[in-house]
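Trainee: turn this into a structure:
(one chain, ligands or ions: 5)
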Amino acid sequence: MDEFTFIDQIKQSLYKQPALVKGIGDDAAVFRQSAQDIVTAADTLVEDVHFSRALMDALYIGYRALAANISDIAAMGAAPAFYLVSIVIPDSCSDEELNDIYKGMSYAASDHRMDLIGGDTVSGNELSIAITVIGFVNRKQARLRSAAEPGDVLFVTGTLGDAAAGFHILNSNKFYKDSSYYMDRHRMPQIRSAFAKQLEPLTRVALNDISDGLANEANEIAEASHVSLTIYENQLPVRDSFEQFSEEEQHKWKLYGGEDFELLGAVPESEWEQLKSIAARNSTPLTAIGYANNRENKDHHVWLVDDSHTPKRLMKKGYTHRSR
Ligand SMILES: Nc1ncnc2c1ncn2[C@@H]1O[C@H](COP(=O)(O)OP(=O)(O)O)[C@@H](O)[C@H]1O
Ligand SMILES: Cc1ncc(C[n+]2csc(CCOP(=O)(O)OP(=O)(O)O)c2C)c(N)n1
Ligand SMILES: [Mg+2]
Ligand SMILES: [Mg+2]
Ligand SMILES: [Mg+2]
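Mentor: Numbers count the residues shown, from 1 in each chain. Ligands and ions are numbered 1, 2, ... in the order given. As a prediction, this is how the structure comes out:
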């Protein structure tokens, strides 16, 4: 299939977003927005770094690639609207696989009412999917990681460590309980977009999505907000069947596993009840896992309290790429 036939195939016949003026088919796309702030992010997924074609069907690769991007928009409290995809296609990738990657992305897009408005197609040696996402948020309402203050309640949505467990299961041929649940958490992460958007009435909330693991993301909030954080290890939410994994695996996956695409946040204690009702309305599991320490604690570290009750530093450690 040549480049032009391919572009014709992936082009949506109908667009959902009213802000769109021109989608695929010219030198660039055009959208118009005057009332809201525009939020944009990019994430690249590369074969054998972020996914493996041996372990995962093309449909999942596409779904997951867009989901990872939508997660960053959700983590800003914004509503996703548009995406652009630049793809490098190796000879080993069949037309069917390529179509399935786009089909996977279109499933994630319809879950969030998004339109594909552009991209680029290149032949190369390695399958690589670079996505740019665009979303909207009410003026000055973007939820920054720098917004945490001393005394805030620290919370996470969902359960932690599932995606890493799923990746482990996909790589192994042993029997595990609940294995399709865990594998799906890796292959088809469900993004907390609706929940994040409904945080609008809160006066203040710091948000970060958990792509690189709780330890990394918590440290990012601590550094950006100039606060130190305390997290209680025994309050970290996990799936019931998570106990089937070794202590070491559990510890590693829930703190450093990443790719759960849950939200980590901090809210003033006075708004905790309101946050709980928003979560309940959205069927979003919500757990308080700690708090932002008072100002006397001048470091900007994250402290983990385990059963020995002695706080230990939770280092900013997770998945890091060599070039960073
Ligand atoms: N190659 C790059 N060029 C420009 N900005 C970048 C690049 N890589 C990362 N960034 C920026 O650095 C910040 C952190 O990026 P990253 O760690 O990838 O965030 P996340 O984990 O939320 O995806 C973001 O503002 C991102 O836009
Ligand atoms: C084949 C394969 N190997 C390893 C992993 C695990 N992994 C890859 S990237 C990553 C962390 C997130 O990646 P990054 O590019 O930092 O995403 P970002 O934080 O920018 O959203 C993890 C845990 C995987 N998903 N697939
Ligand atoms: Mg990124
Ligand atoms: Mg992020
Ligand atoms: Mg990262």
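Trainee: what about Asp8, which helix or strand?
Mentor: Element membership of Asp8 [criterion: DSSP states H and E] is helix 3-10.
Trainee: in terms of secondary structure, what does that helix contact?
Mentor: Applying 3 or more C-beta pairs under 8 Å, 6 or more residues apart in numbering; DSSP states H and E, one finds that helix 3-10 contacts helix 95-111, strand 115-123. Every C-beta, even on glycine, is put in place using the N, C-alpha and C of the backbone.
Trainee: now render the ones you listed as TSV, adding mean pLDDT and distance to Ala222.
Mentor: Listed next are those as TSV, based on pLDDT from 0 to 100; distance: least, C-beta to C-beta, whole Å:
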stretch	mean pLDDT	distance to Ala222
helix 95-111	97	31
strand 115-123	97	36
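Trainee: the least confident helix or strand in the chain by mean pLDDT vs strand 115-123, what angle?
Mentor: Within the chain, no helix or strand scores below helix 3-10, which has a mean of 90 by mean pLDDT, DSSP states H and E. For helix 3-10 against strand 115-123, the angle by axes from the mean of the first three to the mean of the last three C-alpha atoms, to 10 degrees is 150 degrees.
Trainee: the helix or strand that comes right after helix 3-10 pairs with which strands, parallel or anti?
Mentor: The helix or strand immediately downstream of helix 3-10 is strand 20-22, counting by DSSP H and E. Within its sheet, strand 20-22 is paired with strand 30-31 (antiparallel), according to DSSP bridges.
Trainee: contacts only, for Ile169.
Mentor: Taking C-beta atoms under 8 Å, 6 or more residues apart in numbering, we find Ile169 in contact with Tyr176, Ser179, Tyr182, Met183.
Trainee: give me that answer again for 10 Å
Mentor: Ile169 is in contact with Phe175, Tyr176, Asp178, Ser179, Ser180, Tyr181, Tyr182, Met183, His186, Phe245, counting by C-beta atoms under 10 Å, 6 or more residues apart in numbering.
Trainee: what does Leu98 give?
Mentor: Contacts of Leu98 by C-beta under 10 Å, 6+ apart are Met1, Phe6, Gln9, Ile10, Ala58, Gly62, Ile87, Ile89, Thr121, Leu127.
Trainee: from Asp209, how far off is it?
Mentor: 28 Å (C-beta to C-beta, to the nearest Å).
Trainee: cool, and Glu96?
Mentor: According to C-beta to C-beta, Glu96 stands 32 Å off from Asp209.
Trainee: those two: which is more packed in?
Mentor: With neighbours defined as other C-beta atoms under 10 Å, Glu96 and Asp209 compare such that Asp209 has more, 27 against 10.
Trainee: excluding chain neighbours, what is closest to the more buried one?
Mentor: Computed as C-beta to C-beta, 6 or more residues apart in numbering, the closest residue to Asp209 that is not its neighbour in sequence is Ala75, at 3.7 Å.
Trainee: is it true that that neighbour touches Ser211?
Mentor: Yes - contact criterion C-beta atoms under 10 Å: Ala75 and Ser211 qualify, at 8.8 Å.
Trainee: anything in contact with each of those two?
Mentor: Residues within reach of Ala75 and of Ser211 at once, by C-beta under 10 Å, 6+ apart, are Glu217, Phe261.
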